[in-house]
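**Q** below: sequence and its predicted model.
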Amino acid sequence: MRLRALVAMAMIFSVAPAVPALAEDAPAPPAASASATSPPPATPPPATPPDDGTAGGTAPPPGPPAPADEGQGPPGDGETPAAPVARPKLEAGLAGDGDGTRVIVELAAPAEAAPVAGEARSLPGAEVVLEPADTSFIVVEATGESLARLAEDPRVRSIRRDRVYSPVALGSPGLLSSLGSRGARESPGSLTAASAAASLASSLQVIGADRAHAAGTRGQGQTIAIIDTGIDADHPDLGGKVVEQACFSATDDGARSLCPNGQTGDPASADAETPACVDGQVNLCDHGTHVAGIAHAVAPDADIVALQVFSRVDDCDGTGAACLTAFESTILLALEHVAKLKEGGRNIAAVNMSLGGGLYEGACDTEPELSSMKGRVDDLRARGVAVVAAAGNEGVAGAGAPGCFSAAVTVGATGDDDTVPAWSNHGSVLDLFAPGLEIDSAVPGGGHQVYSGTSMSAPFVTGALALAAQKAPGTPDALAEVLTKAGRPIVHGTVTTPRLDLNAALAGGTPGSPVTPPPPAADDPGDPGDPPSAPPADDPGTDPSPEPSSGPSPTVTPDDPVPSPIPLPTVTITVTVTVPAPGAPRAGAPAVCTRGSSTRSVGTAGGAGAARTTRTLTAAQWATEMTRGKGTIPDATLGCYLGLVGKASKVFPEVTPASSLATAYRVLKPAKRTARAAMERELLASWLNWANGAVNLTATIKGRTTLKVVLTSVEGQRLKGSAPAASTSLLKKRVNARRAA
């Protein structure tokens, strides 16, 4: 068994046909999202009924509608859509896995866990790695053949990959995983307690928390939960307010527990100073303490529940660097634990989730593979607990899960001057903006660090909800509405999102004047996501090396069928960020992994910069870029691109490893010339051209068929085990032939 897909930032899986992953240039509504403030419909839409039973000991939430048959294309004008069919229990691509995969086996009811676990242990090569008590799922590692047999059990509702999540901050040691980068990791710059307090105080003043405190609203009688990397409960900044702790930390090939007792669970401690958290002189688990410090600064009299859900990986993508990852199964257990604490009398107002993964342009409530997490978020909402989620740091109009759930309060980042950093996600899925740029807060050992990211923005809102609950108790929807209605409007693109104004919300003040960004400069190349008006003509004869294939590739003609589209999943990535060494000056904006631009500045003999159009590269040219000492794209940039590919693709690296330069090179220069190798080569090159900004998902590839449709279709064929030459040829000639963007 091997640990899968420790690549890019944050979980997200399959995408509904109507809401494709990484959708670009979709029209956005002019008003801010009301995802957390709009009550759910009284009668949910009909869903394919699951097996009888309940999940997690409570009534399961309504399931999503079953998607249409993957073998059918979208209905044409005047056609009647096909009736939905039942979704297969086994996630696509698992049946053909011969190496073994870690999966979540969802069951009809908690009582079925023990007998199904016994059945799983009897299967060849299968191992039950987690069997939680009083929960309707188990975690199994097994080959595709054994998983297919297990899926035949009527007590099994679904089998899907146990995907991994990451913190969503920039510069945190837990994020520094050397994702293809060969540079040395540096530590964040440290500050004195006085300078940290002064800096954090400025952000508190921006949101009006200081005035709320002066008026006597400090979160008394409320509790906030932090699902993260654990907390240093003894840190003086937290004032002894950590009243409950628990740890859920998975173990697997390459991953080890961060629980203080070394087990997969510790009911008494989420200590962020346990030895497993320390890598040399760096504490990998500092993210949770930093987040808790911000939430506590906003709500200093609220109690804190610390929940550790991450595991340590000592060899991220074969680089030898250590990083943290959280499996979905451990996050589900933490959410259930919060529900039990609430049921037991702990007055939890909000839970902070500064983690996530994937990208969705809108709500992801109907995504089948997110239904378990969504169900637990919905359950907390019904119990009176608001779930606050970081939107993510990819700089796109969307959010990762759990921020893409309509029941979550989703938060993007602003600076203290109310500008939106280029890396902050934004758009209609957000509920609020809050400070997230260069926030100084607590880290384990009594110190302070400066981190940026939507991870830092979310706890401002979590603390604000605790204050709102103290001032006027209400449902999560009502409390969130109080904050969103009073927030200062931030106009970003075509969407207006309120920036948290806690004082106005609690004192009944009016929102501040809207903040509108200046228009772009005349020579601004624009958003690299803007679609080209039409794809340029192919430039034949530029591939410097032979193409591996099982035979001649057919010429694409208008009669060549375009494969039918299927939902496109994404997976998590861990972004490599180099931050200033101690004593070094702080940069104005942190480094972040984003797509390349369709134009870039290059030096000239006179020293002035000139714009150069990015060109698509062939698969062979991308192989050259992945070779040490060759190519023109920096290794760190290539590592970023591979991480972005891992967010958008289900094939890479979950099915075929391609998360490091070495593994990507082997895909781009396969040792054996097979039809499958040829397809994967062109598929990876297509994704890399997208990541480099040379082609957009909305670009027309054939007729009115977009690149997004083609990529989802080809990936669907690969997951089913087929590799038609027509699809390979389509990618090679219409996407990867060298041409200007």
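**A** Done, it's in. Numbers count the residues shown, from 1 in each chain.
**Q** now do the end-to-end distance for stretch 699-711.
**A** One end of stretch 699-711 to the other measures 12 Å (CA to CA, to the nearest Å).
**Q** meant to ask about stretch 200-220
**A** 21 Å.
**Q** now do stretch 643-662
**A** Termini of stretch 643-662 sit 14 Å apart (CA to CA).
**Q** and that stretch, how far out from the chain middle?
**A** How far stretch 643-662 lies from its chain's middle: 14 Å, per CA atoms, centre = their mean, to the nearest Å.
**Q** mean confidence for it?
**A** The predicted model gives stretch 643-662 an average pLDDT of 81.
**Q** so where do the helices sit in the stretch 51-200 of the chain?
**A** 113-121, 144-151, 193-206 (DSSP state H, counting those that start in this stretch).
**Q** any idea which of those gets closest to Asn393?
**A** Asn393 lies closest to helix 193-206 among those, at 17.5 Å (CB to CB). Bear in mind the C-beta positions are built from the backbone N, C-alpha and C, glycine included.
**Q** immediately after that closest one, which helix or strand?
**A** On the C-terminal side of helix 193-206, the closest following helix or strand by DSSP states H and E is helix 209-214.
**Q** pull out the buried positions in stretch 93-113.
**A** For stretch 93-113, burial by neighbour count (16 or more other CB atoms under 10 Å) applies to 93-95, 97, 100-110, 112-113.
**Q** CA atoms only: put that stretch into PDB for me.
**A** Taking Å, rounded to 0.1, in the frame of the first residue of the first chain, the C-alpha atoms of stretch 93-113 are listed here in PDB:
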ATOM      1  CA  GLY A  93     -10.800   4.400 -11.100                       C
ATOM      2  CA  LEU A  94     -10.700   2.300  -7.900                       C
ATOM      3  CA  ALA A  95     -11.600  -1.000  -9.500                       C
ATOM      4  CA  GLY A  96      -8.500  -1.100 -11.700                       C
ATOM      5  CA  ASP A  97      -6.100  -0.200  -8.900                       C
ATOM      6  CA  GLY A  98      -3.700  -3.100  -8.400                       C
ATOM      7  CA  ASP A  99      -1.400  -1.400  -5.800                       C
ATOM      8  CA  GLY A 100      -4.000  -0.700  -3.100                       C
ATOM      9  CA  THR A 101      -5.700   2.500  -2.000                       C
ATOM     10  CA  ARG A 102      -6.900   4.000   1.300                       C
ATOM     11  CA  VAL A 103     -10.700   4.400   1.100                       C
ATOM     12  CA  ILE A 104     -13.700   5.300   3.200                       C
ATOM     13  CA  VAL A 105     -16.400   2.600   3.200                       C
ATOM     14  CA  GLU A 106     -19.700   4.300   4.100                       C
ATOM     15  CA  LEU A 107     -22.200   2.000   5.700                       C
ATOM     16  CA  ALA A 108     -25.900   1.900   6.100                       C
ATOM     17  CA  ALA A 109     -25.700   2.300   9.900                       C
ATOM     18  CA  PRO A 110     -23.100   2.300  12.700                       C
ATOM     19  CA  ALA A 111     -24.200  -1.200  13.700                       C
ATOM     20  CA  GLU A 112     -22.900  -2.500  10.400                       C
ATOM     21  CA  ALA A 113     -19.300  -1.400  10.900                       C
END
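**Q** number of nearby residues for Thr632?
**A** By other CB atoms under 10 Å, the residues close to Thr632 number 7.
**Q** so it is in which element?
**A** Here Thr632 is assigned to no helix or strand, by DSSP H and E.
**Q** what's the closest non-adjacent residue to it?
**A** Leaving aside its chain neighbours, Thr632 sits nearest to Glu625 (7.3 Å; criterion: CB to CB, 6 or more residues apart in numbering).
**Q** which parts of the stretch 551-700 of the chain are strands?
**A** Assigned by DSSP state E, counting those that start in this stretch, the stretch 551-700 of the chain shows strands spanning 599-603, 609-613, 700-702.
**Q** could you do the stretch 151-300 of the chain as well?
**A** 156-161, 164-167, 223-228, 242-248, 255-257, 265-266, 278-279, 282-283.
**Q** to Ile633, which of the ones you listed lies closest?
**A** Closest among the strands of the stretch 151-300 of the chain, using CB to CB: strand 164-167, at 23.7 Å.
**Q** off-centre distance for the closest one?
**A** Relative to the centre of its chain, strand 164-167 is centred 7 Å away, using CA atoms, centre = their mean.
**Q** run me through the strand neighbours of it, direction for each.
**A** Strand 164-167 has these partner strands in its sheet, going by DSSP bridges: strand 323-327 (antiparallel), strand 355-360 (antiparallel).
**Q** out of these, which is the most enclosed?
**A** Comparing the strands paired with strand 164-167 by mean neighbour count (mean count of other CB atoms under 10 Å), strand 355-360 comes out on top with a mean of 31.
**Q** and the angle from the helix or strand following it to strand 156-161?
**A** Counting by DSSP H and E, the next helix or strand C-terminal to strand 355-360 is helix 371-383. Taking axes from the mean of the first three to the mean of the last three CA atoms, to 10 degrees, one finds helix 371-383 and strand 156-161 inclined to each other by 110 degrees.
**Q** how far does helix 371-383 sit from its chain's centre?
**A** Distance, stretch centre to chain centre, for helix 371-383: 18 Å (CA atoms, centre = their mean).
**Q** kindly report the same for stretch 128-141.
**A** Worked out by CA atoms, centre = their mean, stretch 128-141 lies 24 Å from the chain centre.
**Q** what sits up against that stretch?
**A** 1, 53-57, 100-110, 112-114, 116-117, 120-121, 126-127, 147, 150, 162, 250-252, 264-265, 327, 329, 332-333, 336, 372 (CB atoms under 8 Å, 6 or more residues apart in numbering).
**Q** 6 Å - rerun?
**A** Applying CB atoms under 6 Å, 6 or more residues apart in numbering, the contact partners of stretch 128-141 are 1, 55-57, 100, 102-107, 109-110, 113, 117, 120-121, 126-127, 162, 329, 333.
**Q** sort out for me which of those are in strands.
**A** Using DSSP state E, the members of the contacts of stretch 128-141 that fall in strands are Arg102, Val103, Ile104, Val105, Glu106, Leu107, Glu127.
**Q** and the first one, what are its bridge partners?
**A** Spelled out, that is Arg102. With DSSP bridges as the rule, Arg102 is bridged to Glu141.
**Q** that one touches Asp162, doesn't it?
**A** Yes - Arg102 is within contact range of Asp162, at 4.6 Å (criterion: CB atoms under 6 Å).
**Q** any idea of the mean pLDDT for stretch 299-312?
**A** 97.
**Q** alpha carbons of that stretch, as PDB, please.
**A** Taking only C-alpha atoms (Å, rounded to 0.1, in the frame of the first residue of the first chain), the coordinates of stretch 299-312 have been written out as PDB:
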ATOM      1  CA  ALA A 299     -13.400  36.700  21.500                       C
ATOM      2  CA  PRO A 300     -11.100  36.700  24.600                       C
ATOM      3  CA  ASP A 301     -13.600  35.400  27.100                       C
ATOM      4  CA  ALA A 302     -14.800  32.500  24.900                       C
ATOM      5  CA  ASP A 303     -13.600  29.000  25.700                       C
ATOM      6  CA  ILE A 304     -11.700  27.000  23.100                       C
ATOM      7  CA  VAL A 305     -12.000  23.400  22.000                       C
ATOM      8  CA  ALA A 306      -8.800  22.100  20.300                       C
ATOM      9  CA  LEU A 307      -9.100  19.300  17.700                       C
ATOM     10  CA  GLN A 308      -6.100  17.900  16.000                       C
ATOM     11  CA  VAL A 309      -6.900  16.200  12.600                       C
ATOM     12  CA  PHE A 310      -3.500  16.100  10.800                       C
ATOM     13  CA  SER A 311      -0.900  13.500  10.300                       C
ATOM     14  CA  ARG A 312       2.800  13.900   9.600                       C
END
